[in-house]
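Trainee: Show me how the following folds:
(4 chains)
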Protein chains: 2
Amino acid sequence: MKQEQIEDIRNFNRFYSKVIGLLDKTYLNSAYSIAEVRVICEISCHSTVTANDILTTLGLDKGYLSRILKSFEKKKLITKERSATDGRVMYLKLTQLGRLEFEKLDKGAASQVNQAFGGLSEADYNTLIESMKTIKTILIKK
Amino acid sequence: MKQEQIEDIRNFNRFYSKVIGLLDKTYLNSAYSIAEVRVICEISCHSTVTANDILTTLGLDKGYLSRILKSFEKKKLITKERSATDGRVMYLKLTQLGRLEFEKLDKGAASQVNQAFGGLSEADYNTLIESMKTIKTILIKK
DNA sequence: ATAAAATAGTTGACAAAATCAACTATTTTA
DNA sequence: TAAAATAGTTGATTTTGTCAACTATTTTAT
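Mentor: Residues are numbered from 1 along each chain as shown, chains lettered A, B, ... in the order given. Reported below is the predicted structural model:
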């Protein structure tokens, strides 16, 4: 891999870090930390998920995650249900309230994206999104 | 802006957040936090820069930044020089050691990019980097 | 069958990162 | 020249994240 290619990629990364950082700030106005948002997101997206699943996908410290989950339970956002077949495992589920809360976060994030990326021409959107898909496709096949 | 476009963009953002998060972890093995790396970077990239410049570009808390700078001074990575024309302003400069340290970080980051993005075909690099440039161009003209 | 190792999750102690507000010292504005 | 603004510092505190020891199960190897 050439020096120049590395520099080009780093240049994009610096630029896009700022974009993402800006969007992440949405969550700073919510009642949740970014880690918490990701955890809610994980629970929301998978019908059955365990703390350990989240650990591996998000790469958090397990003590940290345990506390986050405990706080969610306290706030009635999730329920934990012990697996019938493996007593160590706890299945996590959003409660009604949890789903409501997630929806709020999700809508907030969507509206932030709308703001941050809004105002382009239709042609630019097409090009932008096509480029995004291209990047993802190339990197994902690695 | 259409719902679907928002979703496409969010999809890319989720994906690319992970890429950036992975690269940021390089710094976790260094002696510096991500905020500190950014600050060193800012000082390195600008021949004359003040704490306030960094505040506006990086958007940190000024107390936080002040402490980071103090620790850099203690470690002999930077020098502060009071402006002759405005006694409130401190100009920041990397010392020899600071430049060395920055170079190490910079090389480490480049090698991480090399690892994370390495192994693609030349055609894929061209497409990848072209897409990155396209995205930046579109977003920057906003 | 059972002791040892592995796995899932919890807890306490702590460290690092970040925020807030009050403060000093200058400079600018009115 | 007094008041407001700006640059930076400091103390107190909160939030976020890490580490290691712990309990409770389950799996593996003998």
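Trainee: ok, A:Arg82 - contacts?
Mentor: By Cβ atoms under 8 Å, 6 or more residues apart in numbering or on different chains, the contact list for A:Arg82 reads A:89-91. Where C-beta positions appear, they are placed from N, C-alpha and C, glycine not excepted.
Trainee: The residue positioned nearest the centre of chain A is in what secondary structure piece?
Mentor: For chain A, A:Arg38 is the residue whose C-alpha lies nearest the centre (Cα atoms, centre = their mean; 4.2 Å). A:Arg38 is part of helix A:34-45 when elements are defined by DSSP states H and E.
Trainee: what bridges to A:Leu92?
Mentor: A:Val49, A:Lys80 (DSSP bridges).
Trainee: what does chain A put close to DNA strand D?
Mentor: Contacts of chain A with DNA strand D, taken as Cβ under 7 Å from any atom of the strand, map to A:33-35, A:60-64, A:67, A:85-88.
Trainee: go with 6 Å
Mentor: Chain A has residues A:33, A:35, A:60-61, A:63-64, A:86-88 near DNA strand D, with proximity defined as Cβ under 6 Å from any atom of the strand.
Trainee: returning to that earlier point: report the rounded mean pLDDT for the helix holding A:Arg38.
Mentor: Average pLDDT, helix A:34-45: 97.
Trainee: buried sites along that helix?
Mentor: A:36-41, A:43-44 (16 or more other Cβ atoms under 10 Å in any protein chain shown).
Trainee: Looking at the contacts of A:Arg82, which is nearest A:Lys74?
Mentor: For those, the minimum distance to A:Lys74 (Cβ to Cβ) is 15.2 Å, reached by A:Met90.
Trainee: Provide a list of residues in contact with that closest one.
Mentor: A:50-51, A:80-83.
Trainee: now swap in A:Glu7 and tell me
Mentor: Taking Cβ under 8 Å, 6+ apart, one finds B:Ala110 in contact with A:Glu7.
Trainee: So it versus B:Asp106, what's the distance?
Mentor: Here the distance between A:Glu7 and B:Asp106 works out to 11 Å (Cβ to Cβ, to the nearest Å).
Trainee: hang on, A:Glu42 packs against A:Asn52?
Mentor: No - A:Glu42 is not in contact with A:Asn52 according to Cβ atoms under 8 Å; the separation is 11.6 Å.
Trainee: Give the buried residues for the longest helix along chain A.
Mentor: For chain A, the helix reaching the highest residue count under DSSP state H is reported as helix A:3-28. For helix A:3-28, the neighbour count (16+ other Cβ under 10 Å) marks A:5-6, A:8-10, A:12-13, A:16-17, A:19-20, A:23, A:26-27 as buried.
Trainee: any low-confidence regions in chain A?
Mentor: Residues of chain A meeting the criterion pLDDT under 70: none.
Trainee: can you list the residues of chain A near DNA strand C?
Mentor: A:50-52, A:62-63, A:66-67, A:69-70, A:88-90.
Trainee: Tell me the one of those nearest DNA strand D?
Mentor: Distance to DNA strand D across the residues of chain A next to DNA strand C (Cβ to the nearest atom of the strand) is lowest for A:Gly63, with 2.7 Å.
Trainee: how about that closest one, secondary structure?
Mentor: Following DSSP: H, G, I helix; E, B strand; the rest coil, we place A:Gly63 in the helix state.
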